[in-house]
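A.B. asks: Provided below are the primary sequence and the corresponding predicted coordinates.
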Amino acid sequence: MANTASAKKRIRQNEKRRVHNKLWRTRARTYTKRARTALESDNKAEAVKAVHEAIRELDKAAAKGIIHRRNADRRKSRLMKQLAMIEPSA
């Protein structure tokens, strides 16, 4: 257990940050999962909307430092690749 006041404060800060980060990480995962589910369905308009929402949430998480910027870019790239497979380019 922490003995100094600064160590005790650091424990409180870490717990607060952990809870906050978990919220944003879970949010990003939820939107990504919704996008994947929409990509598997036949509705292209719904899939496009879901992918764009997921990209937005991943960008937010990356901007807040919850996930690494390149991690977010990789996930977005994979979603866009799947979207391109179901949506032929015009």
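C.D. replies: Thanks, I have the structure now.
A.B. asks: use CA for all of it now, contacts and neighbours both
C.D. replies: Will do.
A.B. asks: identify all contacting residues around the helix or strand residue 47 falls within.
C.D. replies: Residue 47 is part of helix 44-63, with elements assigned from DSSP states H and E. If you take Cα atoms under 8 Å, 6 or more residues apart in numbering as the criterion, helix 44-63 is touched by 24-25, 27-28, 31-32, 34-36, 38-39, 41, 67-69, 72, 76, 79-80, 83, 86-87.
A.B. asks: residues touching the spatially most central residue of the chain, list them.
C.D. replies: With distances taken as Cα atoms, centre = their mean, the residue of the chain nearest its centroid is residue 28 (2.6 Å). By Cα under 8 Å, 6+ apart, residue 28 lies in contact with 54, 57-58, 61.
A.B. asks: apply 6 Å and report the result again.
C.D. replies: 57-58 (Cα atoms under 6 Å, 6 or more residues apart in numbering).
A.B. asks: helix or strand: which one has it?
C.D. replies: Residue 28 belongs to helix 5-40, assigned by DSSP H and E.
A.B. asks: picking up where we left off before, distance of the residue nearest to the centre of the chain from residue 2?
C.D. replies: 33 Å (Cα to Cα, to the nearest Å).
A.B. asks: got phi/psi on residue 65?
C.D. replies: The phi and psi values for residue 65, taken as degrees, to the nearest 10, are phi 80, psi 10.
A.B. asks: against residue 20, how distant is it?
C.D. replies: 11 Å.
A.B. asks: can you get me a residue count around the residue lying closest to residue 76 once chain neighbours are set aside?
C.D. replies: Nearest residue to residue 76, sequence neighbours excluded (Cα to Cα, 6 or more residues apart in numbering): residue 55, at 5.8 Å. Using other Cα atoms under 10 Å, residue 55 has 23 other residues around it.
A.B. asks: measure residue 55 to residue 12 for me?
C.D. replies: 32 Å.
A.B. asks: do the same with residue 21
C.D. replies: 14 Å.
A.B. asks: neighbour-wise, which of the two wins?
C.D. replies: Neighbours were counted for residue 21 and for residue 12 using other Cα under 10 Å; residue 21 has more, 17 against 12.
A.B. asks: how about the contacts made by that one?
C.D. replies: Counted by Cα under 6 Å, 6+ apart, residue 21 has contacts residue 66.
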